[in-house]
Structures are given as C-alpha cells and as structure tokens.
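Undergrad: Quick one, structure for this:
(one chain, ligands or ions: 1)
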Amino acid sequence: MTGKSHSSAHWDQRYLRGDAPWNSGLVSRELLRVVAEEHVAPCRSVELGCGAGTNVVHLAQQGFDVLGTDCSAVAIERARTLAVEAGVVVQLAVADLCRASDIREEIGDVAAKFERQCSFVFDRGCYHCARRVNLAGFLETVEWLAAPNARLLLLCGNGNDPAQQGPPKVTEAEIRSEWGPLFEIEWIREFHFEDRGGIPGPLGWVCWMIRRLTA
Ligand SMILES: C[S@@+](CC[C@H](N)C(=O)[O-])C[C@H]1O[C@@H](n2cnc3c(N)ncnc32)[C@H](O)[C@@H]1O
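TA: Prediction:
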C-alpha cells in the first residue's frame, strides 16, 4: 500500500494548531455503544492512535487496564495530563505503530504485560492513516499486542462518503481483505463520526472483529 506518508511532526503540528477535528473531547459514541452491546468487560486493552486520550481515560475510568499509544508526543502529553486530572492510571507511549519494534522498545519494562495480552483493541482513526504508510508494519504491531481471544473495534473513514473532505476513506472490501487474515469480521456497518456543531460528522465504518485462532 503506498500513499501520503505523515510523520509524527505532522501530527504534532495538527494538535498544536488545533487542526484536529476528531478531537471533540467527547467519548466516542460507538465505543460506548459497542462495549455495552457486546458486553466487553474491563480487561487489558489498547487504543491504537489514542490522540489526546479522551477514550483511553474513559476506559480506565471503567476499570480497563489500558495502554494508549500514538506517534504524536504532543497528543500523548495531553493524554497524560487528562489522565492525571481524571485521577486514573493509563499506560501511555509515543510510538510509530507502523514499526512493530517501536512499541516494544517504548514500553520497555511493561512489554511483557501487553505482548499478546490485550483482549480489547480499539482504533478510532489510526488504521485509516497508518495503512497508507505501512500496512504490514501496522498489522504486525496489532498482532504483537492482541491476545489470542482479542476483540477489536475499528472506526474508520468510509469510501462511500461522497464528501471530498474528512478522514481517509476505506472500502468495505479493503477492510475485509486487510484485516481478514488476522481477524474474523463479525459485523461491519456504517455510522457517522461525532457531530460538529450539529452537522453530522463524516461517514465511517464501524467494524467488530475477533482474533483468529493461531496455531
Ligand atoms: C484521527 S486521529 C484519532 C485520535 C484518537 N483515536 C481520537 O479518536 O481522538 C488519528 C491519530 O492517529 C495517530 N497516528 C497516525 N499515524 C500513526 C502511526 N503510524 N503510529 C501511531 N499513531 C499514529 C495520530 O497522531 C492521531 O492522533
């Protein structure tokens, strides 16, 4: 997969400029809904590309033992502040998820705690960026983190959205072929990202998957 590659500096700049429309400060409605509907009990978990930390802090408040990771040091610093303000413990790491060795090195001492131990994996808007840079590297990271029984909630841009603006777009067929070797896709449906000032957010996919059994 080739395409426009963004460095961590690009993401840092977006957070510093306030050019981060995904960063509503509201917990993802789909995260709330799916955790309830699929009866996801508190467990060891990871948010891939956690940004400024709204969702990881929410998960920690619900009793999840959660790792939040993002390539933007600015975003991770904000997530750290949010966790302190909320009085919760969240493991946070600056790492490029397209390089599988990064996360291992960054979390160092606690690597064994997360290596193939995350029973719940959440991704809101990271995969649809990372796949354009290095899909194989990104999936290798996911494979390193996901427990054998892991369930993964993916929110990403939708190729059926006619709008020019908005998040990177992915087709249903691409999701199925890219995730299919690692995860069984239980269901996939359309949704709208959080409203912005009453205007429905961009069209997305919400996808629920279960880690395939490995030998
Ligand atoms: C659309 S934002 C979503 C942030 C967060 N999940 C949320 O819902 O607020 C995408 C995030 O992925 C991060 N990201 C993009 N590519 C990445 C990569 N290769 N490794 C780690 N993080 C990445 C960006 O820094 C950004 O914070």
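Undergrad: Could I get the pLDDT score of residue 30?
TA: pLDDT for residue 30: 97.
Undergrad: make that residue 196, sorry
TA: At residue 196, pLDDT is 68.
Undergrad: Give me the three-state assignment for the nearest residue to residue 134 once chain neighbours are set aside.
TA: Spatial nearest neighbour of residue 134, excluding adjacent residues (CB to CB, 6 or more residues apart in numbering): residue 98 at 3.9 Å. All C-beta spots, glycine's among them, are computed from the backbone N, C-alpha and C. Judged by DSSP: H, G, I helix; E, B strand; the rest coil, the three-state class of residue 98 is coil.
Undergrad: Is there a neighbour count for residue 98? I'd like the number.
TA: Residue 98: 22 surrounding residues under other CB atoms under 10 Å.
Undergrad: and what of residue 181?
TA: That count, for residue 181 with other CB under 10 Å as the rule, works out to 9.
Undergrad: what about residue 69, helix or strand, and which?
TA: Take DSSP states H and E as the rule and residue 69 turns out to sit in strand 65-70.
Undergrad: Any figure for the gap between the most centrally placed residue in the chain and residue 112?
TA: For the chain, the residue nearest the mean C-alpha position is residue 123 (2.1 Å; CA atoms, centre = their mean). Look at residue 123 and residue 112: by CB to CB, to the nearest Å, they are 23 Å apart.
Undergrad: cool, and residue 51?
TA: From residue 51 to residue 112 the distance is 26 Å (CB to CB).
Undergrad: right, and the residue nearest to the centre of the chain touches residue 156 too?
TA: Yes: here residue 123 lies in contact with residue 156, judged by CB atoms under 8 Å, at a distance of 7.5 Å.
Undergrad: in this structure, which spans are strands?
TA: 44-48, 65-70, 91-94, 118-124, 146-158, 169-170, 183-192, 203-211 (DSSP state E).
Undergrad: What residues does this structure have near the ligand?
TA: 11, 22-23, 49-51, 54-55, 70-72, 75, 96-98, 124-126, 129-130, 133 (CB under 6 Å from any ligand atom).
Undergrad: just checking, what packs against the lengthiest helix in the chain?
TA: Using DSSP state H to define each element, the chain has its longest helix at helix 127-145. Packing partners of helix 127-145 (3 or more CB pairs under 8 Å, 6 or more residues apart in numbering; DSSP states H and E): strand 44-48, helix 100-107, strand 118-124, strand 146-158, strand 169-170, helix 172-179.
Undergrad: quick one: strands adjacent to the shortest one?
TA: Going back to what we said before, that points to strand 169-170. strand 146-158 (parallel) (DSSP bridges).
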